[in-house]
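A.B. asks: here you go, sequence then predicted model.
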Amino acid sequence: MTRLLGVDLGERRIGLAVADADGLASRPLTTIPRRERVEDDVAALREIVVRESVAALVVGLPLHAWGDEGPQAERTRAWADAVGSALELKVVYRDERLTSHVAEQRVGPIGRGRAGGPPGRRRRDAHRGRIDREAAAIILQDELDARAARRHPGADPEHETETR
């Protein structure tokens, strides 16, 4: 089984998740800061790709509610294509609509800060990172489920996979 790395690309952070060796389940892995240059993102991802023996990226594609691609989807494709090429990895795109919302529900509220007051910036950033990792795991699990459905005729995946 090809080891897959789920990617939730954001403006400030990149949430990552990895599939188990059997390709049945995903788990949140880490969140890394998004760099200004894609080359710097590639350098940060290269370590993870090698350590986790990754053979392909599953990148969440931000679509409009009605399924069309907009400017954000174009930027995501450009980034993912550049990263995939630099790391010599296959890139698979998955519809990521509602993944952040589901991830927020799974992770739960941020909670209170010291002395019951509002949470500080570091606490908010850490919470946001957990949500990004969870969103990457949801994106990756969607892909794993779709692959399992294709192996078992009669099952119909909810969202189609697109590979480049």
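C.D. replies: Good, I have the coordinates. Just so we're clear, the structure is a prediction, and the values are computed from it rather than from any experiment.
A.B. asks: just give me how far stretch 15-29 sits from the chain centre.
C.D. replies: 10 Å (Cα atoms, centre = their mean, to the nearest Å).
A.B. asks: again with stretch 46-53
C.D. replies: 15 Å.
A.B. asks: just the mean pLDDT for that stretch, thanks.
C.D. replies: The average pLDDT within stretch 46-53 is 96.
A.B. asks: same deal with stretch 73-80?
C.D. replies: 97.
A.B. asks: could you dump that stretch to CSV, C-alpha only?
C.D. replies: Extracted C-alpha coordinates of stretch 73-80, given in CSV (Å, rounded to 0.1, in the frame of the first residue of the first chain):
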residue,chain,number,x,y,z
ALA,A,73,-8.6,26.3,-5.6
GLU,A,74,-6.3,27.5,-8.4
ARG,A,75,-3.7,28.7,-5.8
THR,A,76,-4.0,25.4,-4.0
ARG,A,77,-3.4,23.4,-7.3
ALA,A,78,-0.4,25.6,-8.2
TRP,A,79,1.1,25.0,-4.7
ALA,A,80,0.4,21.3,-4.7
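A.B. asks: three-state assignment of residue 54?
C.D. replies: With DSSP: H, G, I helix; E, B strand; the rest coil as the basis, residue 54 sits in coil.
A.B. asks: count of residues packed around it?
C.D. replies: 20 (other Cβ atoms under 10 Å). From N, CA and C alone the C-beta is placed, and that goes for glycine too.
A.B. asks: longest helix in the protein, please.
C.D. replies: helix 121-151 (DSSP state H).
A.B. asks: which helix or strand in the protein has the lowest average pLDDT?
C.D. replies: strand 162-163 (a mean of 58; mean pLDDT, DSSP states H and E).
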